[in-house]
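> any chance you can model this:
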Amino acid sequence: MLLAKRPQEMFSTTLIDNFLNDDWIKSFYKKVTATPAINVIETAEEYDMEMAVPGLCKEDLNVQIDENCLNISMEKKTETEHKSEKKNYLRREFSTQQFYRSFELPDNVEKDKITAKVENGVLRIVLPKSAMMEKKPQPKEIAIG
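Below is the predicted model of the structure:
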């Protein structure tokens, strides 16, 4: 059996620290952005949509109505800068997160009265129902002649 001497630098704590660095792990998971799930609650007066958007503010989100579709999108760009005092090393990291969801609106929604707000990491969209569409048609007996 032949033994080979390995250089100490290969297994130094610096190499292991760099590999297991929190920034590396965070940047890996930031690239995998999932579309948030949406809860839809129906009451007699409205539809209430809730979407978890932790860490986002209203400037990051966009809610639009295009014809009969409700479109929800998000784009967030971040840039971090790290400086080291030991070396003249400067590192910049760019990150972009985004998603897009689209929903077809029911006919009984009053599109001009839809409201949206972000509070405590939850985007809440309220879709009021129109009064004239609330009444469900009653069954009617048709006489056979």
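
> how near is Ala131 to Asn108?
9 Å (C-beta to C-beta, to the nearest Å). (C-beta placed from N, C-alpha, C; glycine too.)

> ok, those two, which is more surrounded?
More crowded of Ala131 and Asn108, by other C-beta atoms under 10 Å: Asn108, with 14 against 10.

> what's the pLDDT at Tyr100?
Looking at Tyr100, its pLDDT reads 89.

> also the one 5 residues further on?
According to the per-residue confidence, Leu105 scores 91 in pLDDT.

> wait, what's in contact with it?
Ile65, Asn68, Cys69, Leu70, Lys111, Leu127 (C-beta atoms under 8 Å, 6 or more residues apart in numbering).

> identify the residues contacting the third one.
Residues counted as contacts of Cys69 (C-beta under 8 Å, 6+ apart) are Ser102, Phe103, Glu104, Leu105.

> so what's the residue count around the first one?
Spelled out, it's Ser102. Ser102 has 11 nearby residues by other C-beta under 10 Å.

> can you pull out the strands in this structure?
38-42, 46-52, 61-66, 69-84, 89-104, 115-119, 122-128 (DSSP state E).

> return, as residue ranges, the portions of the chain with sub-threshold pLDDT.
Across the chain, the ranges flagged by pLDDT under 70 are 1-34, 79-94, 132-137, 145.

> try it again with 50
Along the chain, the model assigns pLDDT under 50 to residues 9-12, 24, 28-32.

> look up the closest residue to Lys113, ignoring the ones flanking it.
Setting aside the residues directly before and after it, Lys113 is nearest to Pro128 in space (C-beta to C-beta, 6 or more residues apart in numbering), at 4.8 Å.

> if I pick the one you found, what's in contact with it?
Residues near Pro128 by C-beta under 8 Å, 6+ apart: Glu45, Glu46, Val109, Glu110, Lys113, Ile114.

> report the separation between Asp60 and Thr78.
Counting by C-beta to C-beta, the gap from Asp60 to Thr78 is 11 Å.
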